[in-house]
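**Student:** Build me a model:
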Amino acid sequence: MGPDQRAETTRVRELLYVDQPGWFGAADEPEHLPFVTEAVWTGAVIRVRYQSWKAEVARTLEPLGMVLKGGNWYLVAQDPDAKTPRTYRVSQIRACEFAGGTAQRPAGFDLQAYWREASAAFVRRVYALDATIRVSPAGLPDLYHLGSAVHLAGLRALDVADADGWGHFVLPFENLREAARDVVRLGGEVEVLAPAALRREVVAVAAAILARMPTDADAQDGAAAMPQPQEGLA
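**Tutor:** Numbers count the residues shown, from 1 in each chain. Model (predicted):
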């Protein structure tokens with residue numbers, strides 16, 4: 001780079017720092033990141049052993065690009081056995097080598113467009129349950145603690161409130177069990193409107209909590225039933 005470009009780069013480094021991982025989260029440290037980066041840059045076909053959530057598998061991949069998301073590196077590549085490109089977390093690659101040959105980039109492939117569509121599809125798969133709830137003004141800040149997807153959905157609907165000032169939200173959850181646990185965290189500041197199955201699940205969770213929480217009378221009876229220390233014993 002020329003002197004002007006070097007000065008500009010130094011200026012940017014002085015004024016801008018990107019810290020990708022979220023709070024209380026750790027970034028990946030992929031062992032094979034340099035190798036994968038070289039393969040992407042040179043367009044080389046690679047063979048990898050990849051640890052999926054089911055088992056370790058062998059794949060021959062044609063790299064198409066890389067994405068850094070939340071401090072984690074992902075490889076977007078074409079598997080000859082698949083019809084469309086797929087995403088591989090680089091830290092899950094257990095071994096890799098060059099396979100020979102040059103990756104063939106699909107006509108019109110756009111990495112950014114692919115990632116946006118793949119990310120949206122992933123969120124839809126994970127957050128498969130939509131729940132309609134009412135939240136009191138006091139409970140609104142607690143939506144933040146239910147996860148980023150729930151919180152963002154809540155922020156989009158903050159202007160929807162009834163006469164009592166309670167906000168009405170359609171929030172995404174993974175499943176009934178997780179939704180019930182999250183809703184119970186809001187205590188008396190929330191009401192589930194739909195689906196009915198979630199209402200029943202919340203009632204069941206609350207009943208289980210109450211069954212394990214002694215009343216004042218139970219606590220007094222329990223204290224009275226405890227053996228009293230004998231005279232002369234500490």
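**Student:** C-alpha only now, for contacts and for neighbours.
**Tutor:** Will do.
**Student:** Any chance you could list what contacts the helix or strand where residue 130 lies?
**Tutor:** In this assignment (DSSP states H and E), residue 130 forms part of strand 129-135. With contact meaning CA atoms under 8 Å, 6 or more residues apart in numbering, strand 129-135 is reached by 166-176, 189-195, 198.
**Student:** Kindly give a single ChimeraX line that selects the buried subset of those residues.
**Tutor:** Burial among the contacts of strand 129-135 is assessed by 16 or more other CA atoms under 10 Å; the matching ChimeraX selection reads:
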select :166,167,168,169,170,171,172,173,176,189,190,191,192,198
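**Student:** Break down the chain into its strands, ranges please.
**Tutor:** 44-51, 56-69, 72-78, 86-89, 93-102, 129-135, 167-173, 190-194 (DSSP state E).
**Student:** what about those, which gets the closest to residue 14?
**Tutor:** Checking the strands of the chain against residue 14 by CA to CA gives strand 56-69 as the closest, at 21.8 Å.
**Student:** what residues does the closest one touch?
**Tutor:** 20, 37, 39-40, 43-51, 73-80, 99, 102-105, 111.
**Student:** from these, which would you call buried?
**Tutor:** Applying 16+ other CA under 10 Å to these flags 37, 39-40, 43-51, 73-79, 103 as buried.
**Student:** In the strand holding residue 130, which residues are buried?
**Tutor:** For strand 129-135, by 16+ other CA under 10 Å, it's 129-131, 133-135.
**Student:** rewinding a little: reformat the strands of the chain as CSV; add mean pLDDT and distance to residue 13.
**Tutor:** Formatted as CSV, the strands of the chain follow (pLDDT from 0 to 100; distance: least, CA to CA, whole Å):
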stretch, mean pLDDT, distance to residue 13
strand 44-51, 95, 31
strand 56-69, 94, 19
strand 72-78, 94, 21
strand 86-89, 94, 28
strand 93-102, 94, 31
strand 129-135, 88, 43
strand 167-173, 84, 38
strand 190-194, 92, 46
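**Student:** Could I get these in CSV, plus columns for distance to residue 144?
**Tutor:** As requested, these are exported to CSV (distance: least, CA to CA, whole Å):
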stretch, distance to residue 144
strand 44-51, 33
strand 56-69, 21
strand 72-78, 23
strand 86-89, 27
strand 93-102, 33
strand 129-135, 13
strand 167-173, 12
strand 190-194, 14
